[in-house]
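*Asks:* I would like the atomic coordinates for the input below:
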Amino acid sequence: MILQSISGTLGPVTDHLWQSTLFALAAALLTLAFRSNRAQVRYWLWLSASIKFLVPFALLMSFGGSLWDGLASRNIATEFVAPAVSLTVVQITQPFSDTISFVSAAPHLTDWIHIAIFAVWACGFATIALMRLRGWVRIRAVVRASTPIDIAAAVVVRSSPSLLEPGVLGFLHPTLLLPEGILQSLTPPQFEAVLAHEMSHVRRRDNLTAAIHMLVEAIFWFHPLAWWIGARLVEERERACDEAVLSLGTQPDHYAHAILNVCKLYVESTLTCISGVTGADVNKRIHAILTDRVADQMNLAKKLWLGAFGIAALSAPIIAGMVSAPSLRAQIPAEPLTFAVASVKQNTSNVRGGGLDTEQERLTGTNVTLRTYIRAAYHLQNYQLSGGPGWVESDRYDIIGKTDHPVGDDELMLMLQALLVDRFNLALRRETKETSGYALLVGKNGSKLHEVEADGKGWIRNGLDNISGQEVSMTEFAADLSGRLSVPVVDLTGIRGVFDLKLQWTPDASQSRGPGENKEVPSTDVAADSSGPSVFTALQEQLGLRLESRKVQAETFLVDHVERPSEN
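*Replies:* Modelled structure (predicted):
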């Protein structure tokens, strides 16, 4: 159960790490293909693998889904939203559901497993951050002790009494820091080569990209691939600068001797975001410089291959999101289903409670609010619908719709959608947002459910203090609990199949909430009171399931426009 709990919480994190790892390995394979070509290309490949750690795959998929929704339609007034459970009778408007629902509150149990995981990560992050901060403080002390010198360069140049190697500091306004006496230690051609190397770092903004990867290393300090990518970035960064220096006509032997002299006389910077001269494997660099293997050019075929890889890496998750997003156009009938005869009248009886019933050729709603009709028509849970004027929740209507042939509940709901659009000028807008909710998990002692054979006659019904059903899946049960608790409930039980079930509890009227309210999610650690168990306790005792508070992504719908209908 501990592993299941960790998996439920860290599942998105684990998926993201696996996706980032695969992306980095793909970059590694591609760099092998380009190992005899320009280092700048390989550098950007490794940098893309580093940045991938900061860009969740799910975010790109979400963008793809949103893009498809935007292309399809923003107005979903006539969209059909598939129901969570097939019902023989639509019972959306039991008396309690139109006015209040019941939840219970109690102190929340501390989840020490998740706290321990976070504490270990935080300690590692803090350690890395403090080490980097200490190195930066030392560099700043060296800069404060330096003095400006007059050397023709594209950036400010300062001379330092320390033995720190030549290097570029800063992101927006870089400064070239040179050790004192370097002009006497290097010949003029060697110094010009060193200066050209540092100016290449400035032009390519290497300090900024190195700082980005330092952030990746601090956040993902536990992932060995993050550190391996860092070493590759430094290696390709220096080789790219070597290419740039030699492309200016610098003699390879002068440049090689300049690097060797800097290595002998000065100390390398402790921070990778300080671009110097002696980074990466110096032996390999010197060998490449002297054998003229630094600046090989890419042919057209490999350029096309690289471009295709970059486009695929970016577009694949976006396309996946577009493919997995519900197709609005496919769900909107070519010819909207309508009732043969329909009647809409305001109910002024001031009687509490109402109902919505369906038959094969008829839909009958009595003393029901427009909000409840919308929820029934679009199969929405209470928390999913918001917006609109106050009368949407206060005015009650009687609606009768008749068809000229027998139809199922799904078709009746489509007809109700068309009626709401026609008579109330209803328009909805879909949004996805993070909100408080629950994860439905298996209880500590295991599930008490017994699987049954499915024969296509499943149903689920709600009473004032109970839920019962036949051939109900855990996904459907979680959706029904969402309606009862007025918050999203996500099925993370991992249980497959369908079940006959009944859940009985004692409502706590003090915790009731109206249909339009958005109160804080109550704790799930509730003990039974003197009158009977809470819904949370009943879940554990009767079904062997439990609810755990989580932040979840929920699809919600906003009433963009609505008007009072005219009488028949």
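*Asks:* in this structure, what spans have low per-residue confidence?
*Replies:* For the chain, the stretches with pLDDT under 70 are 1-42, 44-46, 55-111, 268-273, 276-277, 279-280, 292-335, 508-531, 567-568.
*Asks:* Show me it divided up by domain.
*Replies:* As recorded under automatic domain parsing, the domains making up the chain are 13-74+299-331, 76-106+333-561, 114-294.
*Asks:* okay, those domains in CSV with mean neighbour count next?
*Replies:* Any C-beta I mention is one placed from the backbone N, CA and C, and that applies to glycine too. Listed next are the domains of the chain as CSV, based on neighbours: other Cβ atoms under 10 Å:
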stretch, mean neighbour count
domain 13-74+299-331, 16
domain 76-106+333-561, 18
domain 114-294, 17
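*Asks:* Helices of the stretch 301-450 of the chain, start to end?
*Replies:* 328-331, 370-378, 391-394, 409-424 (DSSP state H, counting those that start in this stretch).
*Asks:* Looking at these, spot the one closest to Leu385.
*Replies:* Shortest distance between Leu385 and the helices of the stretch 301-450 of the chain, using Cβ to Cβ, is found for helix 370-378: 5.8 Å.
*Asks:* relative orientation of that closest one and helix 409-424 in degrees?
*Replies:* For helix 370-378 against helix 409-424, the angle by axes from the mean of the first three to the mean of the last three Cα atoms, to 10 degrees is 140 degrees.
*Asks:* Dump the C-alpha coordinates for helix 370-378 into CSV.
*Replies:* The C-alpha coordinates for helix 370-378 follow below in CSV (Å, rounded to 0.1, in the frame of the first residue of the first chain):
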residue,chain,number,x,y,z
LEU,A,370,-32.0,25.8,-15.0
ARG,A,371,-28.7,24.9,-13.4
THR,A,372,-29.9,21.4,-12.8
TYR,A,373,-31.2,21.1,-16.4
ILE,A,374,-27.8,22.1,-17.7
ARG,A,375,-26.0,19.6,-15.5
ALA,A,376,-28.3,16.8,-16.6
ALA,A,377,-28.2,17.7,-20.3
TYR,A,378,-24.4,17.9,-20.4
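*Asks:* what's that helix packed up against?
*Replies:* strand 355-359, strand 385-387, helix 391-394, strand 396-402, helix 409-424 (3 or more Cβ pairs under 8 Å, 6 or more residues apart in numbering; DSSP states H and E).
*Asks:* Nearest to Ile139 among these would be which one?
*Replies:* Comparing these by Cβ to Cβ, strand 385-387 comes nearest, at 52.2 Å.
*Asks:* Partner strands of the closest one and their direction?
*Replies:* Applying DSSP bridges to the sheet, strand 385-387 is found paired with strand 545-561 (parallel).
*Asks:* Quick check: Asp206 touching Val234?
*Replies:* No. Asp206 lies out of contact with Val234 (Cβ atoms under 8 Å); the separation is 9.5 Å.
*Asks:* between the helices and strands packed on helix 370-378, which gets nearest to Asp242?
*Replies:* strand 385-387 (59.7 Å).
*Asks:* what residues does that closest one touch?
*Replies:* Strand 385-387 is contacted by residues 371, 374-375, 516, 518, 556-560 when judged by Cβ atoms under 8 Å, 6 or more residues apart in numbering.
*Asks:* could I get these as JSON lines with distance to Phe125?
*Replies:* Converted to JSON lines, the contacts of strand 385-387 look like this (distance: Cβ to Cβ, whole Å):
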{"residue": "Arg371", "distance to Phe125": "46"}
{"residue": "Ile374", "distance to Phe125": "46"}
{"residue": "Arg375", "distance to Phe125": "44"}
{"residue": "Gly516", "distance to Phe125": "41"}
{"residue": "Asn518", "distance to Phe125": "33"}
{"residue": "Thr556", "distance to Phe125": "34"}
{"residue": "Phe557", "distance to Phe125": "39"}
{"residue": "Leu558", "distance to Phe125": "38"}
{"residue": "Val559", "distance to Phe125": "43"}
{"residue": "Asp560", "distance to Phe125": "43"}
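*Asks:* Which pair of the residues you listed spans the longest distance?
*Replies:* Taking Cβ to Cβ as the measure, the contacts of strand 385-387 span a maximum distance of 18.8 Å, between Asn518 and Asp560.
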